[in-house]
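[1] Sequence and computational prediction follow.
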Amino acid sequence: MAEKKEDGLWENVKTIFWALIIAGLFRTLFFQPFWIPTGSMKDTLLIGDFLFVNKMAYGYSRHSCPFSMCPISGRIFASEPERGDVVVFRHPVLNTDYVKRLIGLPGDKIQMKDGVLYINGEAAPQEPTGIFEEIKAPQGRFGTVPRCSNDPVGQGGVCEKERFIETLPGGVEHAVLNATMRNGTDNTRVFTVPEGHYFFMGDNRDNSTDSRVAQQAGGVGMVPAEYLLGRADRVIFSSAGKRLVYFWTWRGDRFFEAIE
């Protein structure tokens, strides 16, 4: 009887072991969890959103694939990234993961004029859709305080930003927020995207350090294709609190919400 119990225990241990191995491989090969730590992608993504990154969307690079499957350099594309995709990528200098919207493809010319995006000399139309409101208070584990178009706003007050629907070439529509026209990234030089690189911007245009800012100045700059980790397709879970256990801060209306 004791021998049968030991055999049963060993079988359970083996089952758990292989289940963990399979789960780890699934995570490594196909999906990667990602928490949104900052407000640079509001209101598409909010601080505290939890999502899975589809690592198979663009194939493998040496930064996103495991072990011997990784190419020595460059990327093995399953499909080309598309303008308007929300992408998680590895910062080429800081070696941390960022999430932004893909705006510029190789060869594109990108410029901002008075807060309006120009791609290859053509303005991306912006349709006003009202005001985005949130409470002005520290948010997330970094305690980030939102920037407001109606500043000065005291702690606990209603923070406002203008909201627009922007249409990119190809027809992709997405929301962007504008807090001020005095931000340095609202007017830029013309950026030409090199071959094998991509240009990214945050949807919260005045609260995003993105490809408009050079890497030497702490920005994202141009991102080589090999640093793309995958596409963000859906918010799985969302919490407005500093800790997951604060269930009263969960945003139930964002569970399993598609990312557009």
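    Noted; the coordinates are in hand. A quick note: this is a predicted structure, and the numbers were derived from the prediction, not measured.
[2] okay, CA-based contacts and neighbour counts for the rest of this
    OK.
[3] Grab the nearest non-local neighbour of the residue nearest to the spatial centre of the chain.
    For the chain, the residue nearest the mean C-alpha position is residue 99 (2.2 Å; Cα atoms, centre = their mean). The shortest distance from residue 99 to any non-neighbouring residue, by Cα to Cα, 6 or more residues apart in numbering, is to residue 88 (4.3 Å).
[4] Who does that neighbour form a beta bridge with?
    Taking DSSP bridges as the rule, residue 88 bridges to residue 99, residue 230.
[5] List the buried residues for stretch 205-215?
    Residues 205, 206, 207, 208, 209, 210, 211, 212, 213, 215 are the ones in stretch 205-215 that count as buried (16 or more other Cα atoms under 10 Å).
[6] if I look at the third one, how far off is residue 195?
    Relative to residue 195, residue 207 is positioned 27 Å away (Cα to Cα, to the nearest Å).
[7] Please apply the same query to the fifth one.
    For residue 209, the distance to residue 195 equals 22 Å [Cα to Cα].
[8] Do a quick rundown of the strands in the stretch 151-260 of the chain.
    Ranges of strands in the stretch 151-260 of the chain, per DSSP state E, counting those that start in this stretch, are 158-167, 173-178, 191-192, 197-201, 223-224, 228-238, 257-258.
[9] quick one: which of the ones you listed is nearest residue 58?
    strand 228-238 (6.4 Å; Cα to Cα).
[10] From residue 163, how far off is the closest residue to residue 254 other than its chain neighbours?
    In space, and not counting its chain neighbours, residue 254 is closest to residue 238: 6.2 Å by Cα to Cα, 6+ apart. Separation of residue 238 from residue 163 (Cα to Cα) stands at 21 Å.
[11] and what of residue 199?
    22 Å.
[12] sorry, back to before: now that the residue nearest to the centre of the chain has come up, it's in contact with residue 91, right?
    No: applying Cα atoms under 8 Å as the test, residue 99 and residue 91 come out as separate, 9.7 Å apart.
[13] Please enumerate the helices of the stretch 1-150 of the chain.
    Counting by DSSP state H, counting those that start in this stretch, the stretch 1-150 of the chain has helices at residues 2-29.
[14] Isn't residue 116 up against residue 110?
    No: counting by Cα under 8 Å, residue 116 sits too far from residue 110 to count as a contact (10.7 Å).
[15] what about the two, which has more around it?
    residue 110 (24 against 15; other Cα atoms under 10 Å).
[16] how far away is that one from residue 205?
    Residue 110 is 14 Å from residue 205, by Cα to Cα.
[17] for residue 196, same thing?
    From residue 196 over to residue 205 (counting by Cα to Cα), the distance is 25 Å.
[18] go on, residue 39?
    For residue 39, the distance to residue 205 - Cα to Cα - is 10 Å.
[19] in stretch 190-204, what counts as buried?
    190-194, 197-204.
[20] do stretch 171-187 as well
    In terms of neighbour count (16+ other Cα under 10 Å), stretch 171-187 has its buried residues at 173, 174, 175, 176, 177, 178, 179, 180, 185, 186, 187.
[21] okay if I get the residues you listed as CSV plus distance to residue 233 and pLDDT?
    CSV is the format used below for those (distance: Cα to Cα, whole Å; pLDDT from 0 to 100):
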residue, distance to residue 233, pLDDT
173, 15, 96
174, 14, 97
175, 16, 96
176, 18, 96
177, 20, 95
178, 24, 92
179, 26, 87
180, 29, 79
185, 27, 89
186, 28, 91
187, 30, 93
